[in-house]
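quick one: sequence and predicted model below, then my questions.
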Amino acid sequence: MGTLTANLKFYKPDSSEFIDPEVQLNRNWDIADPALKRLLEYEYTTTSVPNVVNSVDRARFYKTYSNSFMAYFKSGNFFYQDPNAFVSTWVSAKSLLQPGWIEHPDMPLFYRQVKKTGGSITTIEWIGAFQNNSQVTIDVNTNMTVMDVDKIPVGIRPVTAKYFTAWGGNTSSNYSIARLFFGSNGTLEMKRYGSNPSSPGTENRIELTGVKYNVEVTGA
């Protein structure tokens with residue numbers, strides 16, 4: 001069994017492990033793609049005010065390593081403070097799970113908040129996976145509650161319900177899909193669809209990596 005990197009949870013296969021491009025490689029690219037996109041919008045610095053020359057073309061937005069400092073953005077040749085821009089640290093979602101569900105041991109469950117310039121829209125991003133702790137295949141076509149009412153904190157709940165399609169599978173591969181439902185009352189429900197008869201193991205994992213939604217916006 002391989003390991004995960006400390007920050008973005010890239011999967012690093014063991015030297016003796018068979019490489020499945022969809023799991024060991026493509027999953028890493030799916031994590032890296034949105035992370036790299038944000039680097040085009042934010043440049044991180046250890047100073048509260050970036051020391052740059054106005055004539056030098058730099059990234060538009062600047063944010064310090066610590067969220068205790070203001071964020072700045074550039075418009076033309078001027079910098080403006082944006083106290084509402086915010087990127088939180090990754091927060092563990094392990095404690096939000098209902099009894100009977102646990103986070104996947106190789107894909108810990110986390111979420112974070114992102115507010116871009118203006119701060120009017122809060123985006124919630126999820127990574128990791130959960131599974132049932134009985135280590136049996138999740139029933140198909142059955143609605144199940146993963147996080148109960150009011151478990152998801154108020155600040156990261158969507159104002160209207162959000163639906164997503166997610167990967168499902170066993171400890172090493174994706175073999176089925178599931179529908180995820182994030183309710184405005186702080187719930188997370190899921191339903192698994194179908195299975196692959198060639199699956200070599202139980203299908204008890206549902207992956208949240210790549211799931212993100214805007215808290216305040218209807219339908220987004």
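Received it, and whenever you're ready, just let me know what you need. All values derive from a computational prediction rather than experimental measurement.

please make it C-alpha for all contacts and neighbour counts, starting now.
Will do.

so, low pLDDT: which residues of this protein?
For the chain, applying pLDDT under 70 flags the ranges 37-85, 116-119, 135, 170-175, 194-202, 218-220.

show me it divided up by domain.
42-82, 86-214 (automatic domain parsing).

next, count neighbours for Arg179.
Neighbour count of Arg179, defined by other C-alpha atoms under 10 Å: 18.

show me what it is bridged to.
On the basis of DSSP bridges, Arg179 is bridged to Thr165, Lys191.

helix, strand, or coil at Ala35?
helix (DSSP: H, G, I helix; E, B strand; the rest coil).

now it: how far from Ala93?
Noted for Ala35: a distance of 20 Å to Ala93, by C-alpha to C-alpha, to the nearest Å.

check Asn214 too.
Per C-alpha to C-alpha, Asn214 is found 18 Å from Ala93.

got it, and Pro153?
For Pro153, the distance to Ala93 - C-alpha to C-alpha - is 10 Å.

more neighbours, the two?
More neighbours surround Ala93 than the other of Pro153 and Ala93, with 20 against 11 (other C-alpha under 10 Å).

ramachandran coordinates for that one?
Here is the backbone geometry of Ala93 (degrees, to the nearest 10): phi -110, psi 10.

residue contacts, it?
109-111 (C-alpha atoms under 8 Å, 6 or more residues apart in numbering).

how about a cut-off of 10 Å?
103, 108-112, 126-128, 130, 147, 151-152 (C-alpha atoms under 10 Å, 6 or more residues apart in numbering).
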